[in-house]
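[1] build me a structure from this.
(one chain, ligands or ions: 1)
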Amino acid sequence: MDTRGSGYKSILDLVNVERSFEGFQAVKSVNLRIKQNEFFTIVGPSGSGKTTMLKMLAGMDQPTRGDIVLNGQSINSLAADQRPTCMVFQFLALFPHMTVGQNIEFPMKMRGESPEQRQETAHRLMAMVRLPEDYYGKSVMKCSGGERQRVAIARAFAYDPEILLFDEPLSAIDAKLRKTLQKELKELHRQSGKTFIYITHSLEEAMFMSDRIGVMCRGELVQVGTPEDIYMRPRNRFVAEFMGDTNIFDVRALPGGGWESKALPGVSLTLVPKDKELEGFVMVRPERMQVVLPDGPMPDNVIDCQVQDKFEMGARDQYELVFQHHPISLELPHGSLSEVTIGSTLRLGWNAADAVFVTE
Ligand SMILES: Nc1ncnc2c1ncn2[C@@H]1O[C@H](COP(=O)(O)OP(=O)(O)OP(=O)(O)O)[C@@H](O)[C@H]1O
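    Below you'll find the predicted structure:
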């Protein structure tokens with residue numbers, strides 16, 4: 001699939017990039033154009049080829065076919081240390097016997113910068129990643145996980161790369177600190193003007209941080225788009241289901257008008273087809289389902305469901321229901337339906353505009 005697009009300045013172009021391991025294609029003919037200063041996130045199930053992609057961009061692995069083009073020049077044959085990229089890992093490769101300052105200064109030392117120059121830059125980078133000034137002489141072994149991650153990010157910036165590559169940098173960090181670091185990384189991206197390419201298993205993190213998201217499945221880049229595109233306008237059923245809970249119904253146009261679904265027998269549906277399709281699947285996100293009240297507005301589609309379970313998820317409540325035997329998901333702000341009991345009947349509905357056509 002060609003997801004290169006046009007009309008903007010790209011820093012990195014992947015042209016038919018493939019990587020095979022003894023006949024097994026871990027990455028299949030990927031075409032992608034990454035914009036300068038973009039925050040681009042790759043998501044996908046385990047084994048879908050995300051790390052293999054990132055390693056090829058870093059020069060730690062080579063494509064078996066295709067070209068990686070940086071600022072218009074192929075960099076396939078450039079070694080990792082000659083590329084303007086730097087990788088930040090989940091299990092950060094800091095030097096344990098060194099101080100925070102020495103770790104951050106390492107790339108500058110390799111470049112032969114003077115101790116004064118190095119120290120000045122190290123302090124500037126420490127301030128940038130919000131490390132206290134007196135941490136300069138502290139052993140990294142005495143830093144917390146979050147502080148070490150900040151040291152690793154500061155050191156990555158000390159290489160002064162054009163592109164920073166992040167392989168799940170926050171996955172080993174607890175939820176509260178992760179949220180803080182996500183905000184800081186986003187701000188760092190904005191301030192630095194560098195291009196970030198990021199891998200995460202957290203869809204929430206991807207949605208929160210990225211300008212665009214690329215979804216991988218079995219080595220293929222199946223969709224590239226803004227977080228809203230990917231969540232609300234998934235290209236196929238895999239992306240719809242991977243990017244969050246969803247209701248999926250098979251649908252067919254009826255000869256006399258209206259639609260039917262095997263999943264919802266006896267219900268005549270109102271839908272707005274994409275591209276004059278006569279059958280396929282539609283997706284309705286659980287938060288787009290509405291509870292139909294006797295004196296409230298009537299959505300285009302209405303079904304009576306039985307409540308099977310309720311899960312309180314902080315600010316949101318999730319409900320599992322069934323229409324006959326078909327599972328239905330509903331998500332509401334916490335406390336919206338305090339009187340509903342398990343086993344009771346709830347009238348749900350959705351508007352035609354909230355049902356998105358997806359291919360198999
Ligand atoms: N050096 C290798 N030799 C053989 N197979 C490999 C090698 N590296 C990766 N693979 C295979 O390529 C596929 C993609 O691996 P990759 O690590 O890129 O996936 P991933 O999407 O990053 O997974 P995860 O989310 O679990 O980290 C997997 O099936 C993996 O076993």
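[2] tell me the contacts of residue 62?
    Residues counted as contacts of residue 62 (Cβ atoms under 8 Å, 6 or more residues apart in numbering) are 19, 56, 76. Quick note: C-beta positions are derived from backbone N, CA and C, even for glycine.
[3] which of those are buried?
    In those, burial by neighbour count holds for 19, 56, counting by 16 or more other Cβ atoms under 10 Å.
[4] what's the closest of the contacts of residue 62 to the ligand?
    Of all the contacts of residue 62, the ligand sits closest to residue 19, with 7.8 Å by Cβ to the nearest ligand atom.
[5] burial of the residue nearest to residue 192 when sequence neighbours are not counted, as a residue count?
    Excluding its sequence neighbours, the residue lying closest to residue 192 (Cβ to Cβ, 6 or more residues apart in numbering) is residue 157, at 7.1 Å. Applying other Cβ atoms under 10 Å, we find 22 residues neighbouring residue 157.
[6] sec struct for the spatially most central residue of the chain, please.
    If you average the C-alpha coordinates of the chain and look for the closest C-alpha using Cα atoms, centre = their mean, you land on residue 206, 3.1 Å from that point. Three-state assignment for residue 206 (DSSP: H, G, I helix; E, B strand; the rest coil): helix.
[7] domain assignment for the chain?
    Residue ranges of the domains in the chain are recorded as 2-237, 245-358, according to automatic domain parsing.
[8] where do the helices sit along the protein?
    Secondary structure of the chain (DSSP state H): helices located at 50-58, 100-110, 115-128, 145-158, 175-192, 203-209, 227-232, 237-242.
[9] what are the phi and psi angles of residue 270?
    Dihedral angles of residue 270 (phi, psi; degrees, to the nearest 10) stand at phi -110, psi 120.
[10] look up how far residue 115 lies from the closest residue to it other than its chain neighbours.
    In this structure, residue 270 finds its nearest non-sequential neighbour in residue 300, 4.2 Å apart by Cβ to Cβ, 6+ apart. Counting by Cβ to Cβ, to the nearest Å, the gap from residue 300 to residue 115 is 70 Å.
[11] try residue 22
    Remark: distance between residue 22 and residue 115 (Cβ to Cβ) = 48 Å.
[12] more neighbours: which of those two?
    A count of neighbours by other Cβ under 10 Å puts residue 115 above the other of residue 22 and residue 115, at 10 against 4.
[13] chain neighbours aside, what residue packs nearest to residue 223?
    When the adjacent residues along the chain are set aside, residue 223 lies closest to residue 235, with 4.4 Å between them (Cβ to Cβ, 6+ apart).
[14] from the ligand, how far out is the one you found?
    Separation of residue 235 from the ligand (Cβ to the nearest ligand atom, to the nearest Å): 19 Å.
[15] same question for residue 186.
    Counting by Cβ to the nearest ligand atom, the separation of residue 186 from the ligand is 22 Å.
[16] if we can go back for a sec, which residues touch the residue nearest to residue 223?
    With contacts defined as Cβ under 8 Å, 6+ apart, the neighbours of residue 235 are 222-223, 358-359.
[17] for ChimeraX, write the select line for the buried members of those.
    Typed into ChimeraX, the next command selects the buried ones out of those (criterion: 16+ other Cβ under 10 Å):
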select :222,223,358
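[18] pLDDT averaged over stretch 136-144 - what is it?
    The pLDDT scores in stretch 136-144 average 93.
[19] list the buried residues of it.
    Across stretch 136-144, burial judged by 16+ other Cβ under 10 Å covers 136, 138, 140, 143.
[20] which residues sit in contact with the first one?
    Put plainly, it is residue 136. By Cβ under 8 Å, 6+ apart, the contact set of residue 136 is 99-101, 119, 122-123, 126.
[21] now, which of the residues you listed sits nearest residue 71?
    residue 122 (28.3 Å; Cβ to Cβ).
[22] pretty sure that closest one is touching residue 107, no?
    No. Judged on Cβ atoms under 8 Å, residue 122 makes no contact with residue 107 at a distance of 10.4 Å.
[23] for the residue at the greatest distance from the centre of the chain, give me the pLDDT.
    In the chain, the greatest distance from the average C-alpha position (Cα atoms, centre = their mean) is reached by residue 256, at 41.9 Å. Predicted confidence (pLDDT) for residue 256: 84.
[24] output the lowest mean pLDDT helix or strand found in the chain.
    Least confident element among the helices and strands of the chain, by mean pLDDT, DSSP states H and E: strand 2-3 (a mean of 44).
[25] leaving out chain neighbours, which residue sits closest to residue 207?
    The spatial neighbour of residue 207 that comes closest, neighbours along the chain excluded (Cβ to Cβ, 6+ apart), is residue 227 at 4.3 Å.
[26] no more questions from me, cheers.
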